[in-house]
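S.K.: prediction below, plus the sequence it came from.
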Amino acid sequence: AQSVSQHNHHVILSEAASLELGCNYSYGGTVNLFWYVQYPGQHLQLLLKYFSGDPLVKGIKGFEAEFIKSKFSFNLRKPSVQWSDTAEYFCAVILNNAGNMLTFGGGTRLMVKP
Amino acid sequence: DTGVSQDPRHKITKRGQNVTFRCDPISEHNRLYWYRQTLGQGPEFLTYFQNEAQLEKSRLLSDRFSAERPKGSFSTLEIQRTEQGDSAMYLCASSRQATGVGGYTFGSGTRLTVV
């Protein structure tokens, strides 16, 4: 069965620090990869997605992610975080362009100290 | 508001009671998904509709759970004989088939507490 692992459950950073959140998936075939963000009290929102092409994907609010197929990874990065980035971040995958269901990782809770 | 609407936002029920949640997707979206999220976990897939047809069901969806989308618009998720383990946030999402993969819009969820 496919699975998605986010190894950092809680991350605490100071403003202006750089961010990298890990995401690994276990599936050898074609995948579509996503990062979602959930701000406190709000619904899940799409940050960015990878379907094909350039493995470096840029999303909203200065976030980017890099798909490394050989490492089965899709890590999320931001060069300089802000207090408003405090949220929970979820990595998710869909297999084989089926378009049927997202499988989510367990999430990483990011706290940015002002 | 043109987003995905879920009702109610919160539900507290006694163990053994039945509960029903409603989801109104974005009107032009023909795909509708139900997910469940427990504290400290990512959302877990429950079931998925394309128009009125229920096309996939997770093994998480026990026989106490039933979902419908009778006219291909809104959907309901019913839980019969609730158990404390059913306490969770129930999320609905919708997408347009033509959007392709993952163009989901999520609702704010219904938080169920079984006491």
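M.R.: Cool, got the structure.
S.K.: run a quick neighbour tally on the one residue in chain A that gets nearest to chain B.
M.R.: Here chain A gets closest to chain B at one residue, A:F104, 3.2 Å apart by C-beta to the nearest C-beta. To be clear about C-beta, it is placed using only N, CA and C from the backbone, and glycine gets the same treatment. Residues lying near A:F104 (other C-beta atoms under 10 Å in any protein chain shown) number 22.
S.K.: do the same with B:R64
M.R.: B:R64, neighbours per other C-beta under 10 Å, totals 13.
S.K.: what's the closest non-adjacent residue to it?
M.R.: The shortest distance from B:R64 to any non-neighbouring residue, by C-beta to C-beta, 6 or more residues apart in numbering or on different chains, is to B:Q80 (4.7 Å).
S.K.: so what's the one you found up against?
M.R.: B:N18, B:R64, B:F65, B:S66 (C-beta atoms under 8 Å, 6 or more residues apart in numbering or on different chains).
S.K.: export these to a markdown table and tack on pLDDT and secondary structure?
M.R.: Shown next, in a markdown table, are those (pLDDT from 0 to 100; DSSP: H, G, I helix; E, B strand; the rest coil):
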| residue | pLDDT | secondary structure |
| --- | --- | --- |
| B:N18 | 98 | coil |
| B:R64 | 96 | coil |
| B:F65 | 96 | strand |
| B:S66 | 95 | strand |
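S.K.: just the buried subset of those, please.
M.R.: Those of the contacts of B:Q80 that meet the buried threshold are B:F65, B:S66, by 16 or more other C-beta atoms under 10 Å in any protein chain shown.
S.K.: could I get the contacts of B:Q80 as TSV with distance to B:Q6?
M.R.: Listed next are the contacts of B:Q80 as TSV, based on distance: C-beta to C-beta, whole Å:
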residue	distance to B:Q6
B:N18	18
B:R64	20
B:F65	16
B:S66	17
